[in-house]
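A.B. asks: okay, predicted coordinates and the sequence, questions at the end:
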Amino acid sequence: MNGTHNGVVLNVDDSDERLRFRTMVLEDAGFDVLEARTGTQALTMASDAQPSLVLLDVLLPDVDGLEVCRRLKADPATRRIPVLHVSAAFRDEEHWVQGLRVGSDGYLREPIGPDVLREVIHTLLRRVEAEAVAREAREVAEMALRASERRYRGVVENAPYGICHTTVDGRFLAANDALAKMLGYQSAAELVDAESIVPFYVDAAQRSMLTAKLQSERMVGPIELNWRRRDERPLRVRISGRRIEEGFEAFIEDVTEQHRLEDQLRQAHKLEAIGRLAGGVAHDFNNALTVILGFADVLGLQIGADTPMGQDLAEIRHAAQHAAGLTHQLLAFSRQQPLNLVIVDLNDLVRDAGGMLQRLIGETVRVQTVIAASMCPLKADRAQLQQVLVNLAANARDAMPDGGNLIIETEAVTVDIDSRPLHEPLAPGQYVRLSVSDTGAGMDDATKRQIFEPFFTTKEVGRGTGLGLATVYGIVKQLGGSIFVDSTVNSGTRFDLYFPRAEGVPDLTTMESDAHDAPGSATVLVVEDEPRVRALTTGALARHGYEVVEVAGSREALALPDEILNSVDLLLTDVVMPFMSGRALAKRLRQRRPGIRVLYMSGYAGDGAVRDGSMLRKPFAAPALLAAVRASLRDDSQSNLELRAQNSELGLRTEKPH
């Protein structure tokens, strides 16, 4: 023996002489040898020992060598073991073909010399080893390919956008589940079974345009098209694709929500611009109304109310007050309306308003209230919230000319990422919700997009100003809330108003205003850039005993000498003026005259303008002016309570000076 171990050979032959000869040659060549004399014995030993090769005689007493080979190759445990047949029975190619059919790896025709036997076995084993290496490499490559296919399939199947392969005429050949769900199908298989992609196109011309571009340009996109789901709901999609030999491959993204949010943002910007315009117009208009109402009061002192001229004057005053109401609505829409903020329980507000709303909308509409079991506190102006309820109820009444149901609901809600309304982002947190729904005519999408715009109305001429919902929108936004509308033609409308939940106890204080008309004894500095408003204001104060110093603006007020300024008890100033605002002027004058009281007057003032004084809202009449001046000059706690009470009656806002 040469001492080299080359593997194990199972030597099978029923002739002891041939068996010993082959075993001697194999052992001398460095192989370990196992011997078997029957086919059955060979099958058992091959399965147990897993030899490197089976040297198999064809003619065996029980099971011939061809059948033994067939069984070895059929058994997964032994199929990889090479089988070398050896026999004098292989006389021609027909016998070798029989061996190939049962899986034989080679054959030797006896008699065989030792050198030939060794060389054939070594050659066969080298070939088998090379095949095993190649097979292993192929299996590794196949495993890598399958893993790559799984990853690719996972990317396609789990992608958040649609992926598809279609024919030129639009029939789906393959698609992922994301596209199926986007189009309203349960699975990709169901979508592929659909007849065509063409029905999803709203516009046939868009389909033709996309097909033509793909055929001429090979790579196309992104292109946005109007599609429809299986249930006919509209869908806006963004498509990128390429042409391949048998059709098109495309990536499809649902941008419906993105477009809705962009439209909503554009609408918000438009409303903001309209609001700024409305606020500016209302400010100038309020100056004019202040003059009209003021001088109407002056004339009223000279003309009897029962005379024809007195009645005409009352009509002038009534028209001016109506116009003032319109400007207040514009200011509410533009979020520039001064508010008297207190903690309000939404439940109490709805309970108190129930009877009033029923009288407002008439007997044909049934008012139902669903009140939350827990308190719903929010920080708001009670009068403004009542206006919101009235406007929404009036809008619902007009949508139900033949009668119906108006349902008002309150609820304390917790909003998180999963539960927030789908209409627009709403920050997670604690909210109180006011819902007002009706069973009326409903609205289409085009109307819903415009309902919060001032002066937009679907009513006939003479049946509304178009400011009702604009006012609601402005009040809700000024209170830091959000408003959503859900409506379908002939299926009613629902408004959901979300307000940040407030901490604390609702303010239930009610007070009577001080109505006495005692003459004044203080000095008031009036700063107003509108000459007619300034003349009205100074005239009313002078007639009631006040000493008045009047200037036309901030620049002139700053130029006053100290001896005059030190005699001033109250600064009465417009908020919006050229050169310097009333707020900045008050700050400068307090540096020279510490302790001076401040009363602002304006047609539109935000919260920041009244933190260091009180607010008199334009347009105002002489009684409101005098009441505000008296309240601002008093410093005791009772006067502060009285001034807050007057706010609700006269349109004032007060905060204690710093």
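C.D. replies: The structure has been received and is ready for your questions. Numbering: from 1, shown residues only.

A.B. asks: residue ranges in the stretch 501-650 of the chain under the pLDDT threshold?
C.D. replies: 507-520, 604-612, 635-650 (pLDDT under 70).

A.B. asks: show me where it has helices.
C.D. replies: 531-543, 554-558, 562-565, 582-592, 622-633, 637-650 (DSSP state H, counting those that start in this stretch).

A.B. asks: okay, buried residues for the third one please.
C.D. replies: Along helix 562-565, the positions that meet the burial threshold by neighbour count (16 or more other CB atoms under 10 Å) are Leu565. For every residue, glycine as well, the C-beta is placed using N, CA and C.

A.B. asks: using CSV, write down the CA coordinates of that helix.
C.D. replies: Coordinates of each C-alpha in helix 562-565 appear next as CSV, following Å, rounded to 0.1, in the frame of the first residue of the first chain:
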residue,chain,number,x,y,z
ASP,A,562,-43.5,118.1,30.5
GLU,A,563,-45.7,120.7,32.2
ILE,A,564,-48.6,119.7,30.0
LEU,A,565,-47.9,116.0,30.0
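
A.B. asks: so which residues make contact with that helix?
C.D. replies: Under the criterion CB atoms under 8 Å, 6 or more residues apart in numbering, residues Leu525, Val549, Leu589, Arg592, Arg593 lie in contact with helix 562-565.

A.B. asks: whichever of the residues you listed end up buried, select them in ChimeraX.
C.D. replies: With 16+ other CB under 10 Å as the criterion, this ChimeraX line picks the buried residues out of the contacts of helix 562-565:
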select :525,549,589,593
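
A.B. asks: of the contacts of helix 562-565, which pair is most distant in space?
C.D. replies: Between any two of those, the greatest separation by CB to CB is 14.1 Å, found for Val549 and Arg592.

A.B. asks: the nearest residue in space to Tyr107 that is not next to it in sequence and Ile112: what is the separation?
C.D. replies: Distances taken as CB to CB, 6 or more residues apart in numbering place His85 nearest to Tyr107, at 4.2 Å, with adjacent residues excluded. From His85 across to Ile112, the span is 12 Å (CB to CB, to the nearest Å).

A.B. asks: compare the two (neighbour count), which wins?
C.D. replies: Legend: neighbour count by other CB atoms under 10 Å for His85 and Ile112, higher for His85 (27 against 17).

A.B. asks: can you name the residues that contact that one?
C.D. replies: If you count contacts by CB under 8 Å, 6+ apart, then His85 has Leu56, Asp57, Val58, Gly65, Leu66, Cys69, Gly99, Ser104, Gly106, Tyr107, Leu108 around it.

A.B. asks: quick one on the thing from earlier: between the helices of the stretch 501-650 of the chain, which one is nearest to Pro428?
C.D. replies: helix 637-650 (34.3 Å).

A.B. asks: could the helices of the stretch 501-650 of the chain go into TSV alongside distance to Ser374?
C.D. replies: Shown next, in TSV, are those (distance: least, CB to CB, whole Å):
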stretch	distance to Ser374
helix 531-543	48
helix 554-558	50
helix 562-565	54
helix 582-592	40
helix 622-633	37
helix 637-650	27
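
A.B. asks: and Val291, how many neighbours does it have?
C.D. replies: With other CB under 10 Å as criterion, Val291 counts 21.

A.B. asks: ok, Ala622 next?
C.D. replies: By other CB under 10 Å, neighbour count at Ala622 equals 22.

A.B. asks: what residues are up against it?
C.D. replies: Gly294, Asp297, Val298, Ala540.

A.B. asks: buried subset of those?
C.D. replies: Of the contacts of Ala622, these count as buried by 16+ other CB under 10 Å: Gly294, Asp297, Ala540.

A.B. asks: ok, and the closest non-adjacent residue to the first one?
C.D. replies: It refers to Gly294. Using CB to CB, 6+ apart, the nearest residue to Gly294 is Leu536, at 3.6 Å.

A.B. asks: just the second one next, same as before
C.D. replies: The shortest distance from Asp297 to any residue other than its chain neighbours is 4.9 Å, reached at Ala622 (CB to CB, 6+ apart).

A.B. asks: repeat that for the last one.
C.D. replies: Leaving out its chain neighbours, the residue that sits closest to Ala540 by CB to CB, 6+ apart is Ala622, at 4.3 Å.

A.B. asks: could you do Arg593 as well?
C.D. replies: Leu565 (5.1 Å).
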